[in-house]
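**Q** sequence first, predicted model second:
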Amino acid sequence: MTTTLRIQHETTPLLVALPALETMSTAEFIEFCHANRELRIERTATGEVIVNPPAFSDTGNRNFNISAYLWVWAERDGTGLGFDSSAGFTLPNGAVRSPDASWISQSRWDKLSDADKSSFAPICPDFVIELRSQSDTVKGLQAKMVEYLENGARLGWLIDRKSRTVHVYRPNFPPQILDNPEAVSADPELPGFELPMAKIW
């Protein structure tokens, strides 16, 4: 299997073949991520390494707002943990993904060992949010949302600020597209969680 390094640059992803990464183990991938802490690094199920640059300032602000709303709800609800865009998870298919925001039920999180929790935890979040940035394509994010569902996510939101739409993903249902909603509800999967969109657009 050939491993490639994809560098997201503006709106065009660059693929760079790095033969040295062809046999990169999980430990070596983690070491690679530690050596490049300023970047968001993901790995596909086929071994392709994707390097994302830091988010532009306005996208970072929107990500912050999303995480803040999720944190407030999670603290009040008390049945799980929220994560921001810096958290990476190893999905059952072997991919390592970092959603812009995510949530995992406490009961599922507690089944992981301390060693698992302190690494790219081998678990797919129950709920994921991806916020489209200038370097993202809708098609690419749609594929990620399908991957999350196939690996155990119960709910996913793809937020596209450019078109002011929210694509809502649930297992066994076609995506629901909300056009310029004032707010998006996560019921029934996350009872009571609602994301006001005014500070996200």
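**A** Done, it's in.

**Q** mind checking which helix or strand of this protein has the lowest mean pLDDT?
**A** strand 12-17 (a mean of 45; mean pLDDT, DSSP states H and E).

**Q** next SSE after that one?
**A** helix 26-35 (DSSP states H and E).

**Q** give me the helices and strands touching the helix or strand following that next one, please.
**A** For helix 26-35, the following helix or strand on the C-terminal side (DSSP H and E) is strand 40-43. When contacts are defined as 3 or more C-beta pairs under 8 Å, 6 or more residues apart in numbering; DSSP states H and E, strand 40-43 packs onto helix 26-35, strand 49-52, strand 96-97. C-beta coordinates here come from the backbone N, C-alpha and C atoms, glycine included.

**Q** export these to CSV and tack on mean neighbour count?
**A** Shown next, in CSV, are the helices and strands packed on strand 40-43 (neighbours: other C-beta atoms under 10 Å):
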stretch, mean neighbour count
helix 26-35, 14
strand 49-52, 20
strand 96-97, 24
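
**Q** tabulate these (CSV), appending distance to residue 86 and mean pLDDT.
**A** As requested, the helices and strands packed on strand 40-43 are exported to CSV (distance: least, C-beta to C-beta, whole Å; pLDDT from 0 to 100):
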stretch, distance to residue 86, mean pLDDT
helix 26-35, 11, 83
strand 49-52, 12, 80
strand 96-97, 12, 96
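
**Q** can you list those in TSV and add distance to residue 139?
**A** As requested, the helices and strands packed on strand 40-43 are exported to TSV (distance: least, C-beta to C-beta, whole Å):
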stretch	distance to residue 139
helix 26-35	25
strand 49-52	15
strand 96-97	17
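
**Q** which among those is found nearest to residue 113?
**A** Minimum separation from residue 113 across these (C-beta to C-beta) falls at helix 26-35, 14.7 Å.

**Q** if we can go back for a sec, between the helices and strands packed on strand 40-43, which gets nearest to residue 70?
**A** So among those, strand 96-97 is nearest, using C-beta to C-beta, at 17.0 Å.

**Q** next SSE downstream of the closest one?
**A** Proceeding N to C from strand 96-97, the next assigned helix or strand is strand 101-105, under DSSP H and E.

**Q** domains of the protein?
**A** With automatic domain parsing as the criterion, the domains of the chain are listed as 4-52, 57-196.

**Q** now the strands for the protein?
**A** With DSSP state E, the ranges of strands along the chain come out as 4-9, 12-17, 40-43, 49-52, 80-83, 89-90, 96-97, 101-105, 127-131, 155-160, 165-169, 176-179, 183-185, 194-196.

**Q** for these, give me TSV that also has distance to residue 140.
**A** As requested, the strands of the chain are exported to TSV (distance: least, C-beta to C-beta, whole Å):
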stretch	distance to residue 140
strand 4-9	10
strand 12-17	8
strand 40-43	11
strand 49-52	10
strand 80-83	21
strand 89-90	18
strand 96-97	12
strand 101-105	18
strand 127-131	10
strand 155-160	10
strand 165-169	13
strand 176-179	17
strand 183-185	21
strand 194-196	22
